[in-house]
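**Student:** This is the structure alone, sequence omitted:
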């Protein structure tokens, strides 16, 4: 199988995970409002606490048993997809920027998922507001890194096309 064949298959898996993730977030958890890690501008402490409180027992079970594994699989696939595309393009300049931003995205998403799970599973009266601030920061870093990785990818792709 060629490198681009692997990339195409991984893109399909990544897209399927994104659709499943959004289905769970918007349809199955929809009663709880928007999942804080899907908001590119981050969520306030109050919004994160409101999300957690609206979940209830059944929502918390769905969040931990379905949403979190899907989100983790998606973040791994998307990070790997960006790195493989950068490797396949091998542009003469700045290809490593794609890899760096892809890795920052992956780490920020992992940190965000960890802190959000801590909030969702915390005993209400023991909730630490700093965790919500960490989720907010990690969410913003995640989306910024993803945007910068995509911009670097497009820039490198265009550079290679004009040099060929």
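**Tutor:** Looks like it arrived, so ask away. None of the values given here were measured: they were computed from a predicted structure. Residues are numbered from 1 along each chain as shown.

**Student:** What are the boundaries of the helices in the chain?
**Tutor:** With DSSP state H, the ranges of helices along the chain come out as 3-22, 45-62, 68-89, 95-120, 129-163.

**Student:** who wins for proximity to residue 29 among those helices?
**Tutor:** Residue 29 lies closest, by CB to CB, to one member of the helices of the chain: helix 45-62, at 5.9 Å. Using the backbone N, CA and C atoms, a C-beta is placed for each residue, glycine as well.

**Student:** other SSEs contacting that closest one?
**Tutor:** For helix 45-62, the packing partners by 3 or more CB pairs under 8 Å, 6 or more residues apart in numbering; DSSP states H and E come out as helix 95-120, helix 129-163.

**Student:** Could you point out which of those helices sits nearest residue 77?
**Tutor:** The nearest among the helices and strands packed on helix 45-62, by CB to CB, is helix 95-120 at 10.2 Å.

**Student:** Can you give me the buried ones in the closest one?
**Tutor:** With burial defined by 16 or more other CB atoms under 10 Å, the residues of helix 95-120 counted as buried are 95, 97-102, 104-113, 115-117, 119-120.

**Student:** which stretches of this protein aren't confidently modelled?
**Tutor:** 31-33, 91-93, 125, 160-164 (pLDDT under 70).

**Student:** Repeat the analysis, applying 80 as the threshold.
**Tutor:** Regions of the chain meeting the criterion pLDDT under 80 cover residues 30-34, 89-95, 123-129, 156-164.

**Student:** Let's have the helices and strands packed on helix 45-62 in a markdown table, adding distance to residue 74.
**Tutor:** Converted to a markdown table, those look like this (distance: least, CB to CB, whole Å):
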| stretch | distance to residue 74 |
| --- | --- |
| helix 95-120 | 9 |
| helix 129-163 | 12 |
